[in-house]
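Undergrad: Here is the input, now give the coordinates:
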Amino acid sequence: MTNAPGGPGSAKGGPVRPVVAWAFATVLFVALMVAGLGLVSLATGRDVIPVPDFGGLVGTVAAILAAVAFAVVLWMLLRRPRPSLWGAVGTGLAAFLVYLVTVWLGGAVHTSDIVLAASVAGGLVTGGFALVVAGAGLVAGWGGILLMRARGGRPRWPWEGHDEP
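TA: So this is what the prediction gives:
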């Protein structure tokens, strides 16, 4: 094998490629966000957006755009040779802010009531829903960065590799 032992592409494994870490972390973010919002709604007995005339599309678009913001910030971080774990704060903050701003702007456009939209966005923060989005962004971003920084390889049986130099 032409690669250095333990280097990328060697039989002993190497770091996870950025696109793979990015994909896994983005899927994890969406899963954590959806599950977290559902669990908070179940635990509190409240809807994520409790205003009936607010439109169901506003919350869906906000979640999609939060996922896009998370993915963009994480991709910028993972393009670096050794991304800092502090970057996970940026992924959580980006998802949080985009989620709230999208709910506020989307609600203001849909209802033509900027105060109602601000009230709903504020309720997302005080009700814990927006914090779930931030937490999902933080945890998934941290996981994606850790995948990039890890030097692990594929799982191996104890008897594998005895014939390798």
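
Undergrad: didn't R149 look like it was pressed against P83?
TA: Yes: using CB atoms under 8 Å, R149 is in contact with P83, at 7.1 Å. (Each C-beta comes from the backbone N, C-alpha and C, glycine too.)

Undergrad: higher neighbour count, these two?
TA: Between R149 and P83, counting by other CB atoms under 10 Å, P83 is the more crowded of the two (21 against 14).

Undergrad: residue closest to the middle of the protein?
TA: The centroid of the chain falls nearest to F29 when counting by CA atoms, centre = their mean (3.2 Å).

Undergrad: Find the helix or strand that that one is a member of.
TA: F29 is part of helix 18-44 when elements are defined by DSSP states H and E.

Undergrad: Next: A95.
TA: With DSSP H and E as the test, A95 turns up in helix 87-111.

Undergrad: Buried residues in that helix, which are they?
TA: 87-88, 90-100, 102-108, 111 (16 or more other CB atoms under 10 Å).

Undergrad: cool, stretch 54-62 as well?
TA: F54, G55, V58, G59, A62.

Undergrad: who touches it?
TA: 48-49, 98-100, 102-103, 106-107, 110-111, 116, 120 (CB atoms under 8 Å, 6 or more residues apart in numbering).

Undergrad: let's see 10 Å
TA: Contact with stretch 54-62 is made by 37, 47-49, 51, 98-111, 113, 116-117, 120-121, 124, 129-130, 133, as judged by CB atoms under 10 Å, 6 or more residues apart in numbering.
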